[in-house]
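Asks: Prediction below, plus the sequence it came from.
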Amino acid sequence: MPPASVTGTRFAHNEGHCFLAYSPDGGRVLTCGSTDGEVRVFRGFADGEEKSHLVGDEALALACSSEKFFSSANLTNSVQAFSLDDGSSEGTVLRFTADPTCVDVAPDGSFLVAGAEDMTVKVVRPEEGEITLEGHEAPVLSVSLDTSEEERKFVVSSSCDGTVRVWRVSDGVQVKSIHDLLPKCADVSTAATRGPVAWSPAASTFAVAAPGSVQVYERDTWEVARSLSLPEGAEKGEAFTALSWSGGGSHVAAATSRGNVHVWRSSDGKYITSVNTGRSYAVTALAWNPRRRSELSFIDDHGWWGVVENLLEGGEERKEESKTLDVIAKDKMEKKKKPHEEMDEDELARALFEVGHRKHANFVPSWICSF
């Protein structure tokens, strides 16, 4: 099997914190740009006809279930649901007293959790209503649902107050508080790291990406099971910024502020491999294809989305490499005044963005008008 490598990268969003998620069946990749307020749905890296949906002026979070995707827009204080097929609004799922900052959802959409700048975490199940979890002393950075399909008893969250907290959903009790793991800050926008948290698909552990290490905690005891660190030779000042588990939970991957992706075996913490994204920018989101253990997607803070293939042995063979962005952009630029040969990578990408997506600039979703 060929070594792990980046199949390619393509421009997806304007510069800023970006989000990324797979649909539960692994057939679609969703990307979200905080500064352009758009969610894009791709059917693979080579998709030249992706769907683009404007969710607001700024998009602040993203999660995807089998039929819907969920996002929040600035100044709405709410999490909204949208049809995965056509992007149509399906209404408000949760409301806060400040902007939501993070969201996670069960694959079947039956269980959703979100955190907000008002320092609260809220959990909602359609048949049982919602519950509010209070205890953080600063805005919430990241949330993750217990992946145990039978119970989904717990939620884990991280915050600008420097803590990671585990909550029991049934009664809202905080069962564990981990202090001084993350840098403290006053606001999400000034956070050195978003403190990503993620339950393993096996539900026996959850992981937290702190700047200098990935900490893996055991369920029920809530003690550290493994501490995963950057390998020797890592760049000075490099910090973990994104986190994802493989579909079966056998491996965990973490990306960094310097555009590197590192992989460990979860059972014993053995370091497996690293891949450079080919770009030196911070990776803001990382997602393993839930159906293909060989494929991992990433997106950085300059809006570039990429795919790593052949990551683990036993995955499907890599598909034919797709047409790279610079070729697509050159085709688009044939009628532009400035020849594409004179453009650098970012200029080409932004030109493509203007040609392909400015048609959405004046669109305002109907649900915004209700606020």
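Replies: Yep, that arrived. Numbering: from 1, shown residues only.
Asks: what's the spacing between Val79 and Glu90?
Replies: Between Val79 and Glu90 the computed distance is 11 Å (Cβ to Cβ, to the nearest Å). C-beta here means a position set from N, CA and C on the backbone, and glycine is covered the same way.
Asks: swap that for Thr163, sorry
Replies: Taking Cβ to Cβ as the measure, Thr163 and Glu90 are separated by 33 Å.
Asks: And these two? Which one has more around it.
Replies: Counting neighbours by other Cβ atoms under 10 Å for Thr163 and for Glu90 shows that Thr163 has the greater number, 22 against 16.
Asks: That one and Lys176 touch, don't they?
Replies: No. Contact between Thr163 and Lys176 fails when scored by Cβ atoms under 8 Å: they sit 10.0 Å apart.
Asks: what pairs with Ser159 across the strands?
Replies: In this structure, Ser159 has beta-bridge partners Val140, where bridges are defined by DSSP bridges.
Asks: Quick one: residues contacting it.
Replies: 115, 119, 136-141, 165, 182, 195 (Cβ atoms under 8 Å, 6 or more residues apart in numbering).
Asks: just Val197 next, same as before
Replies: Val197 sits in contact with 142-144, 156-158, 164, 206-209, 243, where contact means Cβ under 8 Å, 6+ apart.
Asks: From the residues you listed, which land in helices?
Replies: Using DSSP state H, no member of the contacts of Val197 sits in helices.
Asks: Of these, just say which sits nearest to Gly237.
Replies: Distance ranking of the contacts of Val197 against Gly237, using Cβ to Cβ, places Ala209 first at 15.8 Å.
Asks: Just give the number of residues close to that closest one.
Replies: Counted with other Cβ under 10 Å, the neighbours of Ala209 add up to 30.
Asks: Now do the contacts for it.
Replies: 193, 195-197, 240-243, 254 are the contacts of Ala209 under Cβ under 8 Å, 6+ apart.
Asks: Columns secondary structure, pLDDT and distance to Ser297 on top of those, output as a markdown table?
Replies: A markdown table is the format used below for those (DSSP: H, G, I helix; E, B strand; the rest coil; pLDDT from 0 to 100; distance: Cβ to Cβ, whole Å):
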| residue | secondary structure | pLDDT | distance to Ser297 |
| --- | --- | --- | --- |
| Thr193 | coil | 89 | 20 |
| Gly195 | coil | 95 | 21 |
| Pro196 | coil | 97 | 15 |
| Val197 | strand | 98 | 19 |
| Phe240 | strand | 95 | 17 |
| Thr241 | strand | 96 | 15 |
| Ala242 | strand | 98 | 11 |
| Leu243 | strand | 97 | 13 |
| Ala254 | strand | 97 | 14 |
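Asks: now those residues as TSV including distance to Glu67?
Replies: Below are these laid out as TSV (distance: Cβ to Cβ, whole Å):
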residue	distance to Glu67
Thr193	32
Gly195	29
Pro196	25
Val197	25
Phe240	32
Thr241	30
Ala242	26
Leu243	25
Ala254	30
